[in-house]
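Chemist: Here you go, sequence then predicted model.
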Amino acid sequence: VPVTLVIEPTSHDSNIVDRCDDALMMMREVNKPNVKVMFDTFHALYRKEPSTDYIYAMGKDLHHLHLSDNDRLAPGQGRGDFVGVIQALKDIHYDGWLAMEIGFDRRDIEPDLVARQAYEYLQPLIDRVERD
C-alpha cells in the first residue's frame, strides 16, 4: 500500500508553506501521485481567510483535514464558518476523515468536554448536508 504524503499550509506556525496556493504549488512541483494537500481550518482563520476558499481550491487533491475554530477552540465555539466548510466538503466530494485539532495549545482544557462539544456541534451539520 503506497503512503500518501500531504503538504499543509501552516501560516500560524511557519512561513515556508503559508497559504493554500503554496501547498498546491509544492504538490504540483513534486508531481507524484502520492503527494496531496491537507487543510487545517485554524490556519485559514488565523489569516482571516474563508476556509471554504481553501477547500474549493484544493478540491480533489485534498487528502486530509483538521477542524478547529480560531484559537484552537472546538468548532462552533469561535468565528469559523463550519456550515460552509461542511457544505464545501460535500461539494468537492471529500470522503476522508474529519480530524479535530482542538484545545491542545493549553493545559487547562478538559479534552473529553472539548471533543464532546465539537461532536455535538458538527454532527447535525453533517447530517443536514447528507440529507440534502
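Modeler: Received it, and whenever you're ready, just let me know what you need.
Chemist: And the contacts of stretch 14-29?
Modeler: Residues outside stretch 14-29 that contact it (C-beta atoms under 8 Å, 6 or more residues apart in numbering): 7-11, 35-39, 44, 47, 49, 53-54, 57-58, 61. Bear in mind the C-beta positions are built from the backbone N, C-alpha and C, glycine included.
Chemist: Of those, grab the buried ones for ChimeraX.
Modeler: This is the ChimeraX syntax for the buried subset of the contacts of stretch 14-29, where burial follows 16 or more other C-beta atoms under 10 Å:
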select :7,9,10,11,35,36,37,38,39,44,54,57,58,61
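Chemist: where do the helices sit along the chain?
Modeler: All helices of the chain, identified by DSSP state H, fall at 20-30, 41-46, 51-58, 82-91, 111-131.
Chemist: The last one packs against which elements?
Modeler: If I follow you right, that is helix 111-131. For helix 111-131, the elements it packs on are helix 82-91, judged by 3 or more C-beta pairs under 8 Å, 6 or more residues apart in numbering; DSSP states H and E.
Chemist: residues in contact with the closest residue to Arg106 other than its chain neighbours?
Modeler: Counting by C-beta to C-beta, 6 or more residues apart in numbering, Arg72 is the residue found nearest to Arg106 once chain neighbours are left out, at 8.0 Å. Neighbouring residues of Arg72 by C-beta under 8 Å, 6+ apart: 42, 101-106.
Chemist: At the geometric centre of the chain, which residue do we find?
Modeler: Asp40 (3.3 Å; C-alpha atoms, centre = their mean).
Chemist: and the closest residue to that one other than its chain neighbours, how far is that from Asn31?
Modeler: Of all residues not flanking Asp40 in the chain, His66 sits nearest, at 3.8 Å (C-beta to C-beta, 6+ apart). For His66, the distance to Asn31 equals 25 Å [C-beta to C-beta, to the nearest Å].
Chemist: go on, Lys60?
Modeler: Lys60 is 15 Å from Asn31, by C-beta to C-beta.
Chemist: In the sheet, which residues pair with the residue nearest to Asp40? Tell me.
Modeler: Asp40, Ala99 (DSSP bridges).
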